[in-house]
Structure formats: structure tokens, C-alpha cells
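J.: Prediction below, plus the sequence it came from.
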Amino acid sequence: MSDISIPELKMNDGKSIPALGFGTYKLNGSSGVETMVNAIQAGYRLLDSAFKYENEGAMGEAVRRSGVDREKLLVTSKVPGLRHRYNEALYSVEESLYRAGLDYYDFYLVHWPNPSQDLYVEAWQALIEARKRGLVRSIGCSNFLPEHMQRLIDETGVAPAVNQIELHPYFTQQEQRAWHDEHGIITQSWSPLGRDNSAMQEPVIKAIAESHGKSVAQVILRWHVQLGAVPIPKATSPARQLENISVFDFELTAEEMDVLNGLDRPDGRRKDQHPAYYEEY
Ligand code: NAP
């Protein structure tokens with residue numbers, strides 16, 4: 001077990017969230033369990049899963065095998081597009097608890113708004129009910145634009161605690177983050193390292209990394225942390241997991257933050273997944 005401890009941020013529902021978490025997309029089966037157990041033992045406390053990743057079972061198994069108290073871990077899953085109707089969304093939460101073998105999730109998110117379906121408010125109502133029943137502790141969304149979240153607030157009076165969005169140096173989401181800040185919603189960053197884009201090869205980031213004696217991944221993750229966003233990097237090897245969590249012992253200057261902010265591109269999404277028209281079921 002490492003002794004790295006991750007600072008926490010306060011959410012609008014009074015609960016706290018670690019400033020950095022662990023992504024689990026593509027971590028499945030027994031090797032996925034092993035990778036997640038390593039991550040927990042390296043010090044990660046927040047795990048990000050989803051119905052769509054088909055690894056809620058692996059995540060639950062990793063929680064049990066990790067040797068860390070359940071109460072100290074925060075596990076996440078997400079309602080898929082096909083389950084936005086109220087009853088189906090509620091069943092979806094129950095079914096994912098059965099799959100994980102857990103009796104509550106710390107976070108449950110609506111994975112995509114799928115605006116053409118126009119059912120995301122129903123899914124949100126189901127998450128509000130799931131929270132009331134104690135099946136989940138905090139509720140939020142993912143890939144929601146301000147207009148989608150405004151509807152949740154207007155129609156239910158409940159704002160999401162978090163919105164998990166694509167965010168990396170080529171796609172910095174400044175306006176969306178400002179909207180989150182105004183509404184007390186925590187930004188979580190998916191593909192925080194840009195997954196397979198070339199952000200990790202950027203010479204300007206390499207130069208900053210060298211000057212701090214840190215890796216490029218550490219500089220990018222530190223940038224997220226200083227933006228106030230919660231990155232959830234996925235890494236398979238224990239060495240990379242430890243590298244990615246070791247970002248709380250140095251600080252980027254305002255100028256260095258600006259260098260990373262300046263890498264933003266209007267077409268910086270990894271793929272053409274604009275939530276106004278891209279949908280996932
Ligand atoms: P990512 O975390 O940005 O990048 C992961 C890739 O970077 C993997 O190929 C990993 O390799 C590599 N990597 C990790 N640490 C590294 C390091 N220190 N040095 C060099 N390479 C490193 O991308 P992601 O997995 O797409 O995003 C993270 C999580 O966000 C996902 O796992 C998932 O939980 C979530 N997500 C959510 C949505 C959504 O719609 N809500 C969409 C996409 C992703 P190895 O694994 O081989 O070590």
C-alpha cells in the first residue's frame with residue numbers, strides 16, 4: 001500500500017470527492033480486477049466505471065480484494081442511453097449494484113444526454129429517487145452541455161454534483177468549466193491525457209516536465225488539478241498508476257498553466273463527439 005493521500009474537493013451535496021481518480025475503460029475480467037486492485041493499493045480511492053464498460057463486476061471484485069475499507073472507496077457507474085426511461089433507469093442502478101455485488105454506489109451519472117431521445121430528465125428523476133432510497137450517494141451527469149443541466153435544475157430543482165466531460169490540453173473546455181463553477185458543479189475530466197492523441201508528445205509540455213523533474217503525464221494531470229477539475233486517468237501498469245497519482249508534490253506557475261491552456265484547439269475533441277448531436281446507447 002502506498003501512503004499517497006489525495007486531497008478532496010467539496011461538492012454541492014455536502015459530500016467530498018478526491019481531486020484525482022482512476023479510469024477503468026477497457027479494464028475487464030480477471031486482468032481488469034488485478035489492475036484495479038493495484039490502483040487502489042497505489043492510493044486511488046475514486047474508480048470510474050459504467051454499464052457500457054461491462055466491468056462493474058470487476059470493479060466490485062477489486063473493491064473486495066483491495067484490502068481497503070469499502071467506506072474509504074468511491075465507486076462510480078453510469079446509466080446508458082438505452083435506459084433513460086424512469087423505471088428502466090432505476091432498474092439499471094439496481095442491476096449494476098447486483099453485478100458489482102455492492103450495496104451502494106458513491107456516484108451514479110447519466111452517461112450521455114442523447115438529446116434526440118429527450119429522456120435525460122426522466123433518467124435524472126430516477127437517480128434522485130435512487131439517492132433517496134440509499135442506492136447511490138451522489139448523482140451527476142456526463143457529457144451534458146449547460147442547456148441540458150439547466151433543464152435538470154429547472155425541472156427537478158436538483159443540480160448535478162459532477163459533470164464528467166472530455167478535457168485534455170487540446171480541448172480545455174473553458175466556457176463549460178466556467179458554467180460548472182458558477183453552478184457549483186465539479187468538473188471531472190475524461191481522457192485527461194488525451195488517450196491516444198499527441199498531447200503527450202507536445203514539446204512545450206516536455207520542457208515544463210523537464211524543468212520540474214516530472215513526466216509529461218504528471219504535468220498534464222497537475223494542470224487538471226490546478227484547474228479544479230478531477231482527472232480520471234486510466235493506466236494499466238503499476239508504475240504508470242503510481243506516476244499518475246504522484247502529482248501533489250509540485251505546482252505549475254501561472255505562466256506554465258497558460259502554456260497548457262494555449263494548446264486548446266477549436267476542433268480539439270479526440271473524436272467528433274459533440275453532445276449536441278453525438279449519442280450513445
Ligand atoms: P486517458 O486516461 O487519457 O489515457 C489512457 C491511455 O494513456 C492508456 O493508453 C494508458 O496506457 C496511457 N497512459 C496512462 N498513463 C500514462 C503515463 N504515465 N505515460 C504514458 N502513457 C500513459 O484516456 P481514457 O482511458 O480514455 O480516459 C480515462 C477514463 O475516463 C476512462 O478509462 C473512463 O473511465 C473515462 N471515460 C469516460 C467517458 C465518458 O463518456 N464519460 C469517455 C471516455 C473515457 P496503459 O493503459 O497501457 O498504461
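T.: Nice, thanks for sending it over.
J.: which residue does the chain bring closest to the ligand?
T.: Nearest residue of the chain to the ligand, counting by C-beta to the nearest ligand atom: residue 23, 2.4 Å away. Using the backbone N, CA and C atoms, a C-beta is placed for each residue, glycine as well.
J.: I'd guessed that residue sits against residue 190; true?
T.: Yes - Residue 23 lies in contact with residue 190 (C-beta atoms under 8 Å); the separation is 7.2 Å.
J.: so which strand or helix has the residue nearest the centre of the chain?
T.: In the chain, the C-alpha nearest the mean C-alpha coordinate belongs to residue 188, at 4.6 Å (C-alpha atoms, centre = their mean). Following DSSP states H and E, the helix or strand that holds residue 188 is strand 186-190.
J.: where does the residue lying closest to residue 50 once chain neighbours are set aside land in three-state SS?
T.: Spatial nearest neighbour of residue 50, chain neighbours left out: residue 78 (4.0 Å); criterion: C-beta to C-beta, 6 or more residues apart in numbering. Classification of residue 78 using DSSP: H, G, I helix; E, B strand; the rest coil returns strand.
J.: I'd assumed residue 142 was in contact with residue 78.
T.: Yes - using C-beta under 8 Å, residue 78 is in contact with residue 142, at 6.1 Å.
J.: Mutual contacts of these two, please.
T.: 109-111 (C-beta atoms under 8 Å, 6 or more residues apart in numbering).
J.: which ones among those are found in strands?
T.: Mapping the shared contacts of residue 78 and residue 142 onto strands (DSSP state E) picks out 109-110.
J.: Among the shared contacts of residue 78 and residue 142, which one sits closest to residue 164?
T.: residue 109 (6.1 Å; C-beta to C-beta).
J.: touching the ligand at all, the strand holding residue 188?
T.: Yes - Strand 186-190 reaches the ligand (C-beta under 6 Å from any ligand atom) through residue 190.
J.: neighbouring strands for that strand, and are they parallel or not?
T.: Strand 186-190 has the following strand partners under DSSP bridges: strand 162-166 (parallel), strand 230-231 (parallel).
J.: want to throw those into a markdown table with mean neighbour count, mean pLDDT and distance to residue 100?
T.: Output for the strands paired with strand 186-190, formatted as a markdown table (neighbours: other C-beta atoms under 10 Å; pLDDT from 0 to 100; distance: least, C-beta to C-beta, whole Å):
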| stretch | mean neighbour count | mean pLDDT | distance to residue 100 |
| --- | --- | --- | --- |
| strand 162-166 | 24 | 98 | 18 |
| strand 230-231 | 26 | 98 | 21 |
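J.: Please tabulate those strands in TSV, including the columns distance to the ligand.
T.: Output for the strands paired with strand 186-190, formatted as TSV (distance: least, C-beta to the nearest ligand atom, whole Å):
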stretch	distance to the ligand
strand 162-166	5
strand 230-231	8
